[in-house]
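Trainee: okay, here's the prediction I keep looking at, along with the sequence it came from:
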Amino acid sequence: RVLWVDDDPARNEAERAQLRLHGLVFDNVVSSAEASQQLDDQSYDLVITDLGRHRSTDRSAQAGADFLEHRRGRATPPVVVYGGLSALARRDELLARGAATVCTDPAALEGQVLQLLGRADDPATSAIVPR
C-alpha cells in the first residue's frame, strides 16, 4: 500500500497505472498535512511525494522537503521524492532529510519503488508495457 502526495494527482495517473500492474494500491492526498494524518492513522509500505505543491494548502515550492523534515524521527515508511530537475538538483539535500531516493522519470520511479518494496525480482518489472 502506497501513499502518494501530490497537489495534482491526475498528473501521475500513468505512473500509478503502471505500478498497479505489480499489485500496488494507492491512496492519494494533496497536502503534507493530509499525508501526515494518513501516516498517523493508516499503515503504508511506501510514500511517494512531489517536491513543490502550489495547488494545495502547502503552497510551497519545497513542500516535499518540508514533509521529509517534519517526518524525520517518526515511524515512516521509505519516502520517494518524484519530481523534475529541481528535485534532482537537490538530491543530496533530500536524501539528507530522509528521502530513500529521488526520481525524475517514470522508469526510474518504477524501478526504485519495486526495489524499495522488495519486488525488484518481479518478472513483470519492465517499464515497457506491451500494447
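Mentor: Nice, thanks for sending it over. For clarity, every value in this text was computed on a predicted model and none was experimentally measured.

Trainee: what residue lies at the spatial centre of this protein?
Mentor: I48 (1.0 Å; CA atoms, centre = their mean).

Trainee: pretty sure that residue contacts L3?
Mentor: Yes - in this structure, I48 is within contact of L3 by CB atoms under 8 Å, at 7.4 Å. (C-beta placed from N, C-alpha, C; glycine too.)

Trainee: re the thing from before, same for whichever strand or helix holds the residue nearest to the centre of the chain, what does it pack against?
Mentor: According to DSSP states H and E, I48 maps onto strand 46-49. Under the contact criterion of 3 or more CB pairs under 8 Å, 6 or more residues apart in numbering; DSSP states H and E, strand 46-49 touches strand 2-5, helix 32-41, helix 63-71, strand 79-82, helix 106-116.

Trainee: out of the ones you listed, nearest to G52?
Mentor: helix 63-71 (6.2 Å; CB to CB).

Trainee: alpha carbons of that closest one, as CSV, please.
Mentor: Output of helix 63-71 as CSV, limited to C-alpha atoms (Å, rounded to 0.1, in the frame of the first residue of the first chain):
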residue,chain,number,x,y,z
ALA,A,63,6.6,21.2,0.4
GLY,A,64,8.1,17.7,-0.2
ALA,A,65,11.4,18.7,1.5
ASP,A,66,9.5,20.2,4.5
PHE,A,67,7.4,17.0,4.7
LEU,A,68,10.6,14.9,4.9
GLU,A,69,11.9,17.2,7.7
HIS,A,70,8.6,17.0,9.6
ARG,A,71,8.5,13.2,9.4
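
Trainee: off-centre distance for that helix?
Mentor: Relative to its chain's centre, helix 63-71 lies at 12 Å (CA atoms, centre = their mean, to the nearest Å).

Trainee: show me what counts as buried in it.
Mentor: Neighbour-count burial for helix 63-71 flags 63-65, 67-68, 70-71 (criterion: 16 or more other CB atoms under 10 Å).
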